[in-house]
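J.: heads up, no residue letters with this:
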């Protein structure tokens, strides 16, 4: 359907999941987060699907969280903080990482453009990552007075390195595709017109292998390196809930709305 925020196309055992809000640079709101989780769960159970490619519609991969949605969550926390636990109000943010982390099928991020905030977390959760030369990466969390979401504090140090992850998350600076390849965030950089071809070539190669073997290889490898992922998601949510109630977080959101530099006070 045209109004779907997440669309899926299937061919030859490969499903292409597209973030479909090009007018918003594919930013996630609550509906998009829920749709993403639903589509991933459906594809995880689909016997005909062997590989999943994730990409963005239009010129951007994903601008992270919709600013209005962030503002709404922040306001809700301030009004009813006592009702939130580990998974609330960041429950919708847990749907996306859990659906990706629990997916038994290989996942490939085809990063066609700008990726910001939780989009970088989404990319880090994928098994394989290919970027267009026009792709860029910005972990916006610190710029909003937050820390990390969607398991990125767990995944990013594992796909890059501890020092790269610390600097990248702590500065929130924009990085290009070549940097992403050099630090291990992506495995390949292609011309824009060759991105989906490269992603599909890898997907077809994986889809030609015995599906049960591929799924079990993924399960064994992640079991060896990711024994505490779900616990880290809960810890991120608890930290995020606390930070979202700070003056600095409110100032960051207001400053972005007013298109000015924020003034942080450490409160």
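T.: Yep, that arrived. All values reported here derive from a predicted model rather than from experimental measurement.
J.: can you pull out the helices in the stretch 101-250 of the chain?
T.: 118-125, 152-159, 162-171, 177-183, 195-207, 211-225, 229-243, 247-257 (DSSP state H, counting those that start in this stretch).
J.: where does the stretch 51-200 of the chain dip in pLDDT?
T.: For the stretch 51-200 of the chain, the stretches with pLDDT under 70 are 69-93.
J.: and the strands in it?
T.: 51-56, 107-111, 114-116, 128-132, 136-138, 175-176, 188-190 (DSSP state E, counting those that start in this stretch).
J.: who does the fourth one touch, helix- and strand-wise?
T.: Read it as strand 128-132. On a contact count with 3 or more Cβ pairs under 8 Å, 6 or more residues apart in numbering; DSSP states H and E, strand 128-132 meets strand 107-111, helix 177-183, strand 188-190, helix 195-207. The way it works is simple: take the backbone N, C-alpha and C, and place the C-beta from them, glycine included.
J.: report all helices and strands that the third one contacts.
T.: Translated: strand 188-190. strand 128-132, helix 177-183, helix 195-207.
J.: do you know how far residue 8 is from residue 43?
T.: 7 Å (Cβ to Cβ, to the nearest Å).
J.: so between these two, which is more surrounded?
T.: For residue 8 and residue 43, the more surrounded residue by other Cβ atoms under 10 Å is residue 43, and the numbers stand at 21 against 17.
J.: I'd guessed the more buried one sits against residue 52; true?
T.: Yes: the pair residue 43 and residue 52 qualifies as a contact (Cβ atoms under 8 Å) at a distance of 5.5 Å.
J.: can you check which residues contact both of the two?
T.: Common neighbours of residue 43 and residue 52 (criterion: Cβ atoms under 8 Å, 6 or more residues apart in numbering): 15, 17, 103, 105.
J.: backbone dihedrals for the nearest residue to the first one once chain neighbours are set aside, please?
T.: Counting by Cβ to Cβ, 6 or more residues apart in numbering, residue 15 lies nearest to residue 49, which is 4.6 Å off, once chain neighbours are set aside. Recorded main-chain torsions at residue 49 are phi -90, psi 130, according to degrees, to the nearest 10.
J.: thought residue 156 was touching residue 165?
T.: Yes: with contact defined as Cβ under 8 Å, residue 156 reaches residue 165; the gap is 4.2 Å.
J.: neighbour-wise, which of the two wins?
T.: residue 156 (26 against 23).
J.: give me every residue that touches that one.
T.: 120-121, 124, 164-165, 168-169, 185.
J.: biggest separation within those, which pair?
T.: Farthest apart among these by Cβ to Cβ are 121 and 164. That separation is 14.9 Å.
J.: so for those two, which residue has more residues nearby?
T.: Neighbour count, other Cβ under 10 Å: between residue 121 and residue 164, residue 121 has more, with 26 against 18.
J.: which ones are touching the nearest residue to residue 130 once chain neighbours are set aside?
T.: Setting aside the residues directly before and after it, residue 130 is nearest to residue 188 in space (Cβ to Cβ, 6+ apart), at 4.7 Å. Neighbouring residues of residue 188 by Cβ under 8 Å, 6+ apart: 130-131, 181, 198.
J.: and residue 103, by the same measure?
T.: 40, 43-44, 52.
J.: narrow those residues to those in strands?
T.: Within these, residues falling in strands by DSSP state E are residue 52.
J.: adding distance to residue 238, write the contacts of residue 103 out as JSON lines.
T.: Below are these laid out as JSON lines (distance: Cβ to Cβ, whole Å):
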{"residue": "40", "distance to residue 238": "24"}
{"residue": "43", "distance to residue 238": "30"}
{"residue": "44", "distance to residue 238": "27"}
{"residue": "52", "distance to residue 238": "30"}
